[in-house]
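S.K.: Sequence and predicted structure, then a few things I'm wondering about:
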Amino acid sequence: MSEYVLEARGIVKTFPGVRALDGVHLRVRPGETHAVVGENGAGKTTLMLTLTGVHRPDEGTILLDGQPVTFSSPQEAVRHGISIVFQELSLVPSLSVAENVFANRQPVRRWGHIDFKELHRRTRELLSLFDLSGLDPATPVRQLGPATQQVVEILKALSTEPKVLILDEPTSSLTDLEARRLFDNLRRLTARGLACLYISHHLTEIFEIAQTVTVLRDGRFVCDARVADIDEDFLVSNMVGRTITDAYGKRPERSSFGPVRFEARGLCGDGFSDVSFRVRAGEIVGFSGLVGAGRTELARAIFGADRLRSGELHLDGKPIAPHSPHDAIQLGIGYLTEDRKTQGLYLDFPVRANVAANRLEQLSRGPLVSDALVDAAAEKAIRDYRIASAGGDRPVRTLSGGNQQKVLIGAWIGITPRLLIADEPTRGVDVGARSEIYGFLRALAAQGTAIVVISSDLPEILGLSDRIYVMKSGVVAGELDTAAATEEAVIGLATGASGAAAILPSGATETPAEVH
Amino acid sequence: MGLIRRLARQREFMIAVVVAILFVAMCFASPYFLSSGNLLALMLGLSVEAIIAVAMTNLMVAGGFDMSVGSVVAFTGAATALLLASEVPVWVSVAVGLALGTGVGLFNGLIVSEIGINPFVTTLSSLSLFRGLTLILTRGRNISGLPDGFKALGQTTVFGVQTPIIIAVVLIAAGDLMLRRFRFFRQSYYIGGNERAARLSGIPVDRMKTLAYLFTGLFAGLAGVVQTSRLGAASVTAGTGLELRVITAVIIGGASLQGGEGTVLGAFLGSLLMALITNALTLLGVDVYWQTFVIGATLLAAVLVDRLGKTRTSEGRRRTRPALGVSRGEAGGVGSSATASGQGPPQGP
């Protein structure tokens, strides 16, 4: 028996024009969580697709329990005990939990008649692995929250009884709290001997869950290490091949902020009530809270995309009432959606069309769209935001996550907003692009834009914001000054736990707390 | 080289090449083909569907779809003819015909965009509703004996060219320019490309969609009036199956059922290609029953060439996508097949 349950030696995989993997090694022991890290385009996903039989490697060997194997199809990899959970959910919302978990492999009786009793029994068994014994296997998936849906996705992979479970960015749609619960469950599974391959952009997660780590860069193997022996700086410098000093940049002096640019008073709508806050020109205000705390709903209502039931909005001291995103954009309000793929970008359109989408009027002469103006805007965005795009005519679908996000940010900074609400601005974005995005937001603030950043990433909220509002169940639970805020204080407010004692007195900030 | 490759990627160019090749081949194959009589008859035959294709392209670019245009042609034609038969002035009758078409379009548009019923189901209902209403109004009888003043609309010739052809050409040219260059209509591409993103980009999605249906109704109404005038009679079976021919032409011309792509010029070329094929088969004495079959083959060939071309031009990344789909299908077979079949209305013809 080999020491490793899964081993890859010298894997090479080329696509026309690209050497996606160039001699990559990977060694995974049973019962351990092994993280694979690297920037977007480093080859993590290609490696996973090679291990799961989607791609055939050009060179190199894959060993399972010490025996060389070749998979001609994903099905074959599953039969050998390698299952993968993708970062995007592949569930059918209208079908039950049980039918999703055992999709196409439902236990059947004579003539292919599904044995629902057996199906539900087996599903319950799996649910109990994840402290979800209370969930009825017949519940339609669409009734579940994103965190539970994620669990169903994982159970689907576990139902094939794999030796190696591959998780690709499993926490991208989870809050910190939900992520921690997922980690507890994963630890229980690895304790039973399962090996887990874990792909993530969140380096803090790796220190929390993984025992070993492999670093990839530009399709090459950089190093592997025991997590206990290394620190975050080591990982980052190996991933980017250079040292990133202070990703969040320098926070400006409080005195450099201008007058109050945007103020909300007593806002009520679906998912939030009685929310008041203000943002000064040049200030970045963070909104923290659990997923479902009403932050996105609040942002959409301010932007006119959803209905605001009551409350007042003031921009530069004047009352405003945007009834549609179009109104909001005219007023100089931008909203960077949390979901760039389904709500932000036009994936099949090139960069130029995406950059122009929210300001066709600016880029027109009379009623005609001006190609020259659109091209100029696209070139400026590609240059200013360092968008790595192989030719401006390629659909943005072909860009990496970080570059896609930069396209979206470029589009919104392009309207020269007075207020920009950035909802999860770095979700699914690699370390390098992340610090660039922080830089863009800082630079925009320095020009006098008021910025609201909604983020479920605590270090990001603490590192980027000048002031933090924490929301819980639709109301503002507290306001913190970042100079003194801690992760514990934010979590305390967000969950209503004892940490709430850490609320700073409102005197610590220049604006009085407007929590009624 | 770069220019040729860029042109080759545009569907209109490819169709234009095919049309040109077919045209030249036919000049040699049949002595009657190049006669002005044959070419004018060909253009006259496709003018009605080409008029509708202009508005249908805008609608399909915005991700919409209208199955009711054939019925609207019969409905507006019959309504106009009935008014003329009761000696209502020509211009009033025509205006009412156009208004009725617009009304049907508005009706479809409001149901789709305000209530949120699927466009296929909505316009399929309208297909039966307005064909039925036509039968009720006319008691199933064709209406002829229309005044000369009305017939002049569709039967006059300018330099030997019939007015329906002139109307179609003008609308195609104007429509192509509008959809290509005008900011207002450019918004259709964004809506079809990603409706939710379009909302957040500040595009008035619901209003634009309603208007796209309204225009389609108006153009179908115009087509109904023109056709009635040209034939000098309203037929209760007018426009039967026309919706599928129009949609086929628009798709051959580069549009897709998902929306976000397509041009009016392409749709016209698609329509021209279908007419040319029919004409060629007739002139060459091929059994008429083959015509429908060949149209189906043309549509399939057009979308296949497009798909294969796309896979070839974008390497690596794009190619992994179908494979990924297979692997997920494995993990969730029910899932992928259910979503695939639930994605949109079945392709008609």
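M.R.: Received the coordinates, thanks.

S.K.: For residue A:254, grab the count of nearby residues.
M.R.: 14 (other Cβ atoms under 10 Å in any protein chain shown). C-beta here means a position set from N, CA and C on the backbone, and glycine is covered the same way.

S.K.: How about residue A:447?
M.R.: Neighbours of residue A:447 (other Cβ under 10 Å): 10.

S.K.: For it, which residues are in contact?
M.R.: Residues in contact with residue A:447 (Cβ atoms under 8 Å, 6 or more residues apart in numbering or on different chains) are residue A:282.

S.K.: And it, how close does it get to chain B?
M.R.: Using Cβ to the nearest Cβ, to the nearest Å, residue A:447 is found at 22 Å from chain B.

S.K.: how would you label residue B:137: helix, strand or coil?
M.R.: helix (DSSP: H, G, I helix; E, B strand; the rest coil).

S.K.: Specify the residue positioned farthest from the middle of chain A.
M.R.: residue A:110 (44.6 Å; Cα atoms, centre = their mean).

S.K.: backbone phi and psi for residue A:108, please?
M.R.: Backbone torsions for residue A:108, taken as degrees, to the nearest 10, come to phi -120, psi 160.

S.K.: For chain A, see how far away the residue nearest to residue B:145 when sequence neighbours are not counted is.
M.R.: Closest residue to residue B:145 apart from its sequence neighbours, by Cβ to Cβ, 6 or more residues apart in numbering or on different chains: residue B:85 at 7.3 Å. Taken as Cβ to the nearest Cβ, the spacing of residue B:85 relative to chain A amounts to 42 Å.

S.K.: wouldn't residue B:85 be in contact with residue B:142 here?
M.R.: No: Residue B:85 is not in contact with residue B:142 according to Cβ atoms under 8 Å; the separation is 11.4 Å.

S.K.: tell me the contacts of residue A:215?
M.R.: In this structure, residue A:215 makes contact with A:37-38, A:221-225, A:235, A:238-239, judged by Cβ under 8 Å, 6+ apart.

S.K.: Doesn't it belong to a helix?
M.R.: No: applying three-state DSSP, one finds residue A:215 to be strand, outside a helix.

S.K.: if I look at it, how far off is residue A:5?
M.R.: 20 Å (Cβ to Cβ, to the nearest Å).

S.K.: hang on, isn't residue A:397 packed against residue A:350?
M.R.: No: applying Cβ under 8 Å, one finds residue A:397 not in contact with residue A:350, separated by 10.0 Å.

S.K.: what touches both of these two?
M.R.: By Cβ under 8 Å, 6+ apart, no residue touches both residue A:397 and residue A:350.

S.K.: Identify the residue spatially nearest to residue 211, adjacent ones excluded.
M.R.: Just going to use chain A. Once flanking residues are discounted, residue A:211 sits nearest to residue A:32: 4.5 Å by Cβ to Cβ, 6+ apart.

S.K.: looking at chain B here, not the other one
M.R.: Distances taken as Cβ to Cβ, 6+ apart put residue B:109 closest to residue B:211, at 7.0 Å, once the chain neighbours are dropped.

S.K.: where does that neighbour land on pLDDT?
M.R.: On the pLDDT scale, residue B:109 is placed at 97.

S.K.: which element is it on?
M.R.: Using DSSP states H and E, residue B:109 sits within helix B:90-110.

S.K.: how about the residue lying closest to residue A:142 once chain neighbours are set aside, what does it touch?
M.R.: Of all residues not flanking residue A:142 in the chain, residue A:93 sits nearest, at 3.7 Å (Cβ to Cβ, 6+ apart). By Cβ under 8 Å, 6+ apart, residue A:93 lies in contact with A:140-142.

S.K.: Ok, residue A:261 next?
M.R.: Residues near residue A:261 by Cβ under 8 Å, 6+ apart: A:279-281, A:283, A:315-316, A:418-419, A:448-450.

S.K.: between the residues you listed, which has the most around it?
M.R.: residue A:450 (29 neighbours).

S.K.: I'd like the distance between that residue and chain B.
M.R.: 19 Å.

S.K.: confidence score at residue B:248?
M.R.: pLDDT, residue B:248: 93.

S.K.: and it, what helix or strand is that in?
M.R.: Here residue B:248 is assigned to helix B:242-252, by DSSP H and E.

S.K.: And residue B:53, by the same measure?
M.R.: Under the criterion of DSSP H and E, residue B:53 resides in helix B:36-61.

S.K.: I'd like the distance from the helix or strand just after that helix to the chain centre, please.
M.R.: Using DSSP H and E, the helix or strand that follows helix B:36-61 in sequence is helix B:69-85. Relative to the mean C-alpha coordinate of its chain, helix B:69-85 is positioned 19 Å out (Cα atoms, centre = their mean, to the nearest Å).

S.K.: Verify the contact between residue A:358 and residue A:412 for me.
M.R.: Yes: Residue A:358 lies in contact with residue A:412 (Cβ under 8 Å); the separation is 7.0 Å.

S.K.: Find residues that contact each of those two.
M.R.: Common neighbours of residue A:358 and residue A:412 (criterion: Cβ under 8 Å, 6+ apart): residue A:334.

S.K.: and residue A:133, helix, strand or coil?
M.R.: Taken by three-state DSSP, the conformation at residue A:133 corresponds to coil.

S.K.: next one: residue A:205
M.R.: helix.

S.K.: can you give me the strands for the stretch 101-250 of chain B?
M.R.: If DSSP state E, counting those that start in this stretch is used as the criterion, the strands of the stretch 101-250 of chain B fall at B:157-158, B:161-162.

S.K.: how far away is residue A:351 from chain B?
M.R.: Separation of residue A:351 from chain B (Cβ to the nearest Cβ) stands at 13 Å.

S.K.: I'd like to know how far that residue sits from residue A:368.
M.R.: According to Cβ to Cβ, residue A:351 and residue A:368 sit 21 Å apart.

S.K.: ok, those two, which is more surrounded?
M.R.: When residue A:351 and residue A:368 are compared for neighbours, residue A:351 comes out ahead with 28 against 14, by other Cβ under 10 Å.

S.K.: Mind pulling the model confidence for that one?
M.R.: 91.
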